[in-house]
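Undergrad: Need a 3D model of the following:
(one chain, ligands or ions: 1)
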Amino acid sequence: MKNNRHLEQKVEKLLAQMTLDEKIGQMTQVRHFDDITLNEINTKFIGSIIHTQGPTPGNDAAEWQAKFTELQKQALSTRLGIPLLFGVDAVHGQNTYDGAVIFPHNIGLGASRNAGLVEKAAAITAIESKATGFNWVFSPCVAIPFNEKWGRVYEAFSESTELTAELTKASIRGHQGLTEPFTVMATAKHFIGDGATDFGVEGGNTTLSLDEIRQQLLPPYQAAIASGVGSVMASFNTLDGVPMHAHKAMITGLLKAELNFGGIVVSDWKAYSRFGGNDIINAGIDMVMAVDGDLGLFQEGVKNGVLNGVISQERIDDAVRRILRQKFRMGLFDNPFPDGSLISTIGIQEHRNVARQAVRESLVLLKNRNNILPLKKDARIVVVGEFGDNCGLQSGGWTVNWQGTTENYKGATTILDGFIKHTAGEVLYDKDGLAGYDNVDVAVIVVGETPYAEFFGDVGGEMNKYQLTLTEAHQQIFETYTAKGIKTVVILISGRPLVVTDQINQCDAFVAAWLPGSEGDGIAEVLYGKHDFKGKLPHSWPKSEADYIGKYGPNYWDNTIEPLFPFGYGLNYNQSL
Ligand code: GLC
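TA: Coordinates of the predicted model:
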């Protein structure tokens, strides 16, 4: 982040006028519902509003903007009139808004390896987020997943540190823009070790050495900082038993001092009460998600901490300086209000075309026996499985709702839509996979994982709802069609590589489609050969559940274990196996 003397003078001038209550207010982030009343935005000097799962700000973008304008005016009516930051988990498009374009999750963008495309996707996400009133996105997740059992593998780009750093740079540039004021402020998350916990437990314990952290996990943060990222979010995991939120050596020592990060370190959800209260402030957290009943505890706890000398005035001033610095960099003191002219850009075909390109380039062809692909235009096809005609199921978590949706949503197309659009033959649909159509040329079987987010997706975790293999129901669908001797093409919808060795051996073609998002019809464009496969595996692909005997996935645990397919594998139409 370039050190702009004029900017710093404005920050210091404003900081010098602030009372302790106003400073603590700036460090406070709350939901626009439940946590705060409209008047308290003013009386508690709130610095930021977060929108997550819960009542939407309105029925359409104009109402969302109007709501945030009302909240902003409350903040501007305070003595110093410091504008609000509005933050949202727009992690693959403005995915909290029904009708926004939903991009493939980062694992699919990782498979594309297309930094220019990642930048475009981020830029569109920024525009559609601004159009709905936001100026801060909690994205990108720059984790390096060590174990497919983790429920957040799909939020990250790749197991490759180098590829992740490259795409992180593109994502920050896309979200923030290349010049100030930012389009929106981006967030590199979650610092540090979120994807490297033992056994892939979300919020678990990471036991990597500092050297391993520097070598494998830090480069994406260095790339983000070099790209001017405005914020970094602390991670839920512990590092050798110390909560990352309370880890002063890593936050203040490494991130702020050694890497010279001058932006905001924001806590994760309800961190004040979960990770030691004032310890997290002294560790270097600058803004706190004081949600779910933490507001009074946080504001009173920090004030008492300062008055009792537990927290230094310098620490508070460092936090507020960083918050004000970003608000100036974002131009909020010049124009803090949403731009109504952006509303008409939400979900436009131009944005969808970019998302459809991302779908195409994210697909990884793992098998193509006897060149069954590309499909003949006049082939008689049956698309099998409910995942084949449900845009909620193809989009993963963080889609409309925190845990995603199993319903169709506005503006999206399904995989079946694409086949119907591009065929010159006949396309049948077997939703339950039990019809077992006999007289077809090819069965396109769409199976995979229902949407999940965070610990809900951990394999073997507290929820224990997911597994590394296909569900028994999906295995049955596959058996139904292979037993008939019908040619089969499998499309896997998943947030991570799964153990599908048996299905890959038995089918004729196998496509890893990850979590494609709203433009499901893009898949057929590749399967009918209008475009070639370009995707390459962003993760090595596991062969067997028996290989998961260490605290990390096979690729990290023991390099004597051969993956089924290595990182970077992917066929195209000039190759056939
Ligand atoms: C969640 C996630 C984080 C998200 C935040 C706000 O717990 O860990 O990625 O940005 O809370 O929703």
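
Undergrad: Which positions in the stretch 151-300 of the chain make contact with the ligand?
TA: Residues of the stretch 151-300 of the chain lying near the ligand by CB under 6 Å from any ligand atom: 189, 268-269. Every C-beta, even on glycine, is put in place using the N, C-alpha and C of the backbone.

Undergrad: Need the residues you listed in TSV (columns: distance to V446).
TA: Formatted as TSV, these follow (distance: CB to CB, whole Å):
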residue	distance to V446
K189	31
D268	34
W269	33
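
Undergrad: From those residues, which land in helices?
TA: Within these, no residue falls in helices by DSSP state H.

Undergrad: Please convert the buried members of the residues you listed into PyMOL selection syntax.
TA: Per 16 or more other CB atoms under 10 Å, the buried members of those correspond to this PyMOL selection:
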select buried, resi 189+268
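
Undergrad: quick check, nearest of the residues of the stretch 151-300 of the chain next to the ligand to the ligand?
TA: W269 (3.9 Å; CB to the nearest ligand atom).

Undergrad: tell me, how many neighbours does the residue nearest to the closest one when sequence neighbours are not counted end up with?
TA: Distance criterion CB to CB, 6 or more residues apart in numbering; nearest residue to W269, sequence neighbours excluded, is M289 at 5.3 Å. Neighbour count for M289, taken as other CB atoms under 10 Å: 26.

Undergrad: wait, isn't M289 in contact with F275?
TA: No. Using CB atoms under 8 Å, M289 makes no contact with F275, being 11.5 Å away.

Undergrad: Find residues that contact each of the two.
TA: Overlap of the contact sets of M289 and F275 (by CB atoms under 8 Å, 6 or more residues apart in numbering) consists of S267.

Undergrad: re the thing from before, OK, contacts around the residue nearest to W269?
TA: 29-30, 50, 266-271.

Undergrad: and it, how far is that from P451?
TA: Distance, M289 to P451, using CB to CB, to the nearest Å: 23 Å.

Undergrad: Now the residue nearest to W269, what are its backbone angles?
TA: Per-residue torsions, M289: phi -70, psi 90 (degrees, to the nearest 10).

Undergrad: in the stretch 1-150 of the chain, what spans have low per-residue confidence?
TA: Flagging of the stretch 1-150 of the chain using pLDDT under 70 yields the residue ranges 1-3.

Undergrad: count of neighbours near the residue nearest to E361 when sequence neighbours are not counted?
TA: Distance criterion CB to CB, 6+ apart; nearest residue to E361, sequence neighbours excluded, is S112 at 3.9 Å. Using other CB under 10 Å, S112 has 27 neighbouring residues.

Undergrad: any low-confidence regions in this structure?
TA: Along the chain, segments meeting pLDDT under 70 span 1-3, 576-577.

Undergrad: what does it have sitting close to the ligand?
TA: 52, 89, 138, 189, 268-269, 454.

Undergrad: Keep only those of those that are in strands.
TA: Among the residues of the chain next to the ligand, the members falling in strands (DSSP state E) are 189, 268-269.

Undergrad: before we move on, back to that, tell me the two of the residues of the chain next to the ligand that are most distant?
TA: T52 and K189 (14.2 Å; CB to CB).

Undergrad: which one among the residues of the chain next to the ligand gets closest to E159?
TA: K189 (17.4 Å).

Undergrad: wait, doesn't that closest one sit right on M233?
TA: Yes. Counting by CB under 8 Å, K189 does reach M233; the two are 3.7 Å apart.

Undergrad: any shared contact partners between the two?
TA: Counting by CB under 8 Å, 6+ apart, the residues touching both K189 and M233 are 138, 268.

Undergrad: Next, count neighbours for I343.
TA: 18.

Undergrad: That one contacts A62, correct?
TA: Yes. I343 lies in contact with A62 (CB under 8 Å); the separation is 6.1 Å.

Undergrad: that older thread, which member of the residues of the chain next to the ligand is positioned nearest L332?
TA: F138 (17.6 Å).

Undergrad: Spit out the contact partners of the closest one.
TA: Counted by CB under 8 Å, 6+ apart, F138 has contacts 87-91, 187, 189, 233, 266.

Undergrad: residue boundaries of the helices in the stretch 1-150 of the chain?
TA: Using DSSP state H, counting those that start in this stretch, the helices found in the stretch 1-150 of the chain span residues 5-15, 20-26, 38-43, 61-76, 106-112, 115-131.

Undergrad: between these, which one is nearest to W541?
TA: Of all the helices of the stretch 1-150 of the chain, the one in closest proximity to W541, counting by CB to CB, is helix 106-112 (11.5 Å).

Undergrad: which other helices and strands contact the closest one?
TA: Contact analysis of helix 106-112 by 3 or more CB pairs under 8 Å, 6 or more residues apart in numbering; DSSP states H and E lists helix 115-131, helix 161-176, helix 349-362, strand 509-514 as its packing neighbours.

Undergrad: cutoff 10 Å now
TA: With contacts defined as 3 or more CB pairs under 10 Å, 6 or more residues apart in numbering; DSSP states H and E, helix 106-112 has these neighbours: helix 115-131, helix 161-176, helix 349-362, strand 364-368, strand 509-514.

Undergrad: Now, of the contacts of M289, which are buried?
TA: 29-30, 50, 266-268, 270-271.

Undergrad: export the residues you listed to CSV and tack on distance to Y573?
TA: Output for the buried ones among the contacts of M289, formatted as CSV (distance: CB to CB, whole Å):
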residue, distance to Y573
Q29, 49
V30, 53
I50, 46
V266, 45
S267, 48
D268, 44
K270, 50
A271, 49
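
Undergrad: picking up where we left off before, nearest to the ligand among the contacts of F138?
TA: Taking CB to the nearest ligand atom as the measure, the ligand lies nearest D89 of these, at 4.8 Å.

Undergrad: Give me the common contacts of I343 and A62.
TA: Common neighbours of I343 and A62 are listed as 131-133 (criterion: CB atoms under 10 Å, 6 or more residues apart in numbering).

Undergrad: Most proximal residue of the stretch 101-250 of the chain with respect to the ligand?
TA: Minimum separation of the stretch 101-250 of the chain from the ligand (CB to the nearest ligand atom) falls at F138, amounting to 3.6 Å.

Undergrad: Show me the domain layout of the chain.
TA: The record's domain split for the chain, according to automatic domain parsing, is 5-339, 351-548.

Undergrad: I'd like these written out as CSV, with distance to Y556 added.
TA: Formatted as CSV, the domains of the chain follow (distance: least, CB to CB, whole Å):
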stretch, distance to Y556
domain 5-339, 5
domain 351-548, 9
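
Undergrad: Helices of the stretch 251-400 of the chain, residue ranges please.
TA: Here the stretch 251-400 of the chain has its helices, by DSSP H, counting those that start in this stretch, at 271-274, 278-283, 295-307, 313-329, 349-362.

Undergrad: The third one vs helix 313-329, what angle?
TA: Orientation note: helix 295-307 sits at an angle of 120 degrees relative to helix 313-329 (axes from the mean of the first three to the mean of the last three CA atoms, to 10 degrees).

Undergrad: what comes up buried for helix 295-307?
TA: In helix 295-307, counting by 16+ other CB under 10 Å, buried: 295, 298-299, 301-303, 305-306.

Undergrad: Out of those, which comes closest to L468?
TA: For the buried residues of helix 295-307, the nearest to L468 is F298 (39.2 Å; CB to CB).

Undergrad: Let me see the contact set for that closest one.
TA: With contact set as CB under 10 Å, 6+ apart, F298 has these partners: 24, 27-30, 267, 270-273, 277-278, 280-281, 288-291.

Undergrad: residues in contact with I49?
TA: Contacts for I49 (CB under 10 Å, 6+ apart) come out as 28-33, 35-36, 41, 57, 67-68, 71-72, 75, 84-88, 133-134, 136.

Undergrad: again, but for K421
TA: Counting by CB under 10 Å, 6+ apart, K421 makes contact with 413, 427, 521, 524-525, 528.

Undergrad: ranking those by neighbours, who comes first?
TA: Most surrounded of the contacts of K421: other CB under 10 Å gives A524, at 26 neighbours.

Undergrad: Identify the spatial nearest neighbour of it, chain neighbours not counted.
TA: G418 is the one closest to A524 (CB to CB, 6+ apart), at 3.1 Å.
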